[in-house]
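# curious how this folds, go ahead:
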Amino acid sequence: MNDALKVLLLLLCLNLPLLAGTAELEQPQPAVSQPQGTALPHRSDEDRRMYHFILKKIDKTDEDADAFIRRYISSDFGLYAYRPNYFLPFAYASAPYPIWSETGATAGQEYEKKYETEFQISLKKLLSFDLFGLNEAIVAAYTQKVWWQLYSGSAPFRETNYEPEIFVTFPTSEYVDRHSGLKGVRFGFAHESNGRGGLQSRSWNRLYIGTLWQFGNLFASIRGWYRLPESAKTSPTDTEGDDNPDLTHYLGYGDVTLSYLAGKHQVSLLLRDNLHFRGGNRGAAMLDWSYPLPYAEHTFWYVKLFSGYGESLIDYNRYVSKAAFGLSFSRGIF
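As a prediction, this is how the structure comes out:
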């Protein structure tokens, strides 16, 4: 339980202005190591007052140390939101989840509650901009999703998925942008796993290519991926080899994300399908909505609906229908 509270505290601490997500297609803003009196971007009045108060309390030493201190106080280390960061205390599934152990799922054993808590932490860091003279952005990102049986007896974390990735985004030419709406093309590598052992272990590596589009207030991302092959296991309990050879039968080979901005509302739809239309067709759809809380910057009401396969890695081959409600601390469009 102590570990769970630590992670929850970390998530709440992420509700900082550094999560004011900006698309990496734009040239990054200067760091906060600027002359005194410069206003902090994307900051509330309270943040600015606290920043200048703390800055006055720190003794000046040399230029390099002063620049570091300014960055430290402002929490500006070039970290930005990647995917939505959210905390959903109420998430209700249509059926209870099976309990897994290192020997697999035990028939008839399920978590006692159909409802649980979900949260996601997702950050990105710009590694390089315009390295090759093409206005391209090289970015490292990390996303962690947690499904927490908060309302069960010992409140265990039912599943945790970890996804580090690295990608490069190339913007399109002005001509292509103006005539097609295509803003950029992205190439990336992603690893995803659940950090477990035995028959609970789930993992995969993939290369992907994505296209980023804008049509007025409608933004679209279309991705296709290739799963990097792994050797077959010699036995189900083998620690080496592919944990889930049929994973793409359920998660498919790509996804489409649509995001629409209507005033302060944002509605997004993710679609995934394995394209097996002659039999064995499987996919998923996720719809979410967010709206700003009054008098709270970078905090939004957040509703998420999911139906299909691949909600989490442990249950990638299990059909799930679920509704969740809570708060998000950032938004994204690509």
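
# what about residue 286, which SS state?
strand (DSSP: H, G, I helix; E, B strand; the rest coil).

# that one contacts residue 258, correct?
No: with contact defined as C-beta atoms under 8 Å, residue 286 does not reach residue 258; the gap is 11.1 Å. Where you see a C-beta, it was placed from the backbone N, CA and C, and this is true even at glycine.

# name the residue in the two with the higher neighbour count.
More crowded of residue 286 and residue 258, by other C-beta atoms under 10 Å: residue 286, with 19 against 16.

# beta-bridge partners for that one, please?
residue 270, residue 306 (DSSP bridges).

# who's in contact with it?
269, 270, 304, 305, 306, 307, 308 (C-beta atoms under 8 Å, 6 or more residues apart in numbering).

# what do you get for residue 312?
Per C-beta under 8 Å, 6+ apart, neighbours of residue 312: 145, 147, 159, 161, 194.

# quick one: the helices in the stretch 201-334 of the chain, in order.
In the stretch 201-334 of the chain, the segments counted as helices under DSSP state H, counting those that start in this stretch are 247-251.

# picking up where we left off before, who wins for most neighbours among the contacts of residue 286?
residue 304 leads those on contacts (other C-beta under 10 Å) with 22 neighbours.

# before we move on, back to that, list just the nearest of the contacts of residue 286 to residue 212.
The nearest member of the contacts of residue 286 to residue 212, counting by C-beta to C-beta, is residue 270 at 14.7 Å.

# test my guess that that closest one contacts residue 254.
No: taking contacts as C-beta under 8 Å, residue 270 lies outside contact range of residue 254: 11.3 Å.

# residues in contact with residue 255?
Applying C-beta under 8 Å, 6+ apart, one finds that residue 255 lies in contact with 223, 270, 271, 272.

# now swap in residue 237 and tell me
198, 199.

# same check on the one 10 residues further on?
Neighbour list for residue 247: 202, 204, 227, 316 [criterion: C-beta under 8 Å, 6+ apart].

# cool, and residue 290?
Residue 290 makes contact with 84, 265, 266, 300, 301, 302, 303, 328, 331, according to C-beta under 8 Å, 6+ apart.

# give me the neighbour count for the third one.
Read that as residue 266. With other C-beta under 10 Å as criterion, residue 266 counts 23.

# okay, and the beta partners of it?
When assigned by DSSP bridges, residue 266 has beta-bridge partners residue 261, residue 290.

# verify the stated contact: it with residue 259.
Yes: using C-beta under 8 Å, residue 266 is in contact with residue 259, at 6.5 Å.

# mutual contacts of these two, please.
With C-beta under 8 Å, 6+ apart applied, the contact sets of residue 266 and residue 259 do not overlap.

# ok, residue 177 to residue 163 distance?
Distance of residue 177 to residue 163, given as C-beta to C-beta, to the nearest Å: 29 Å.

# check residue 217 too.
Distance from residue 217 to residue 163, counting by C-beta to C-beta: 28 Å.

# same deal with residue 146?
Using C-beta to C-beta, residue 146 is found at 12 Å from residue 163.

# more crowded one of those two?
Counting neighbours by other C-beta under 10 Å for residue 146 and for residue 163 shows that residue 146 has the greater number, 22 against 17.

# wait, that one sits on residue 120?
Yes: at 7.5 Å, residue 146 counts as touching residue 120 under the criterion of C-beta under 8 Å.
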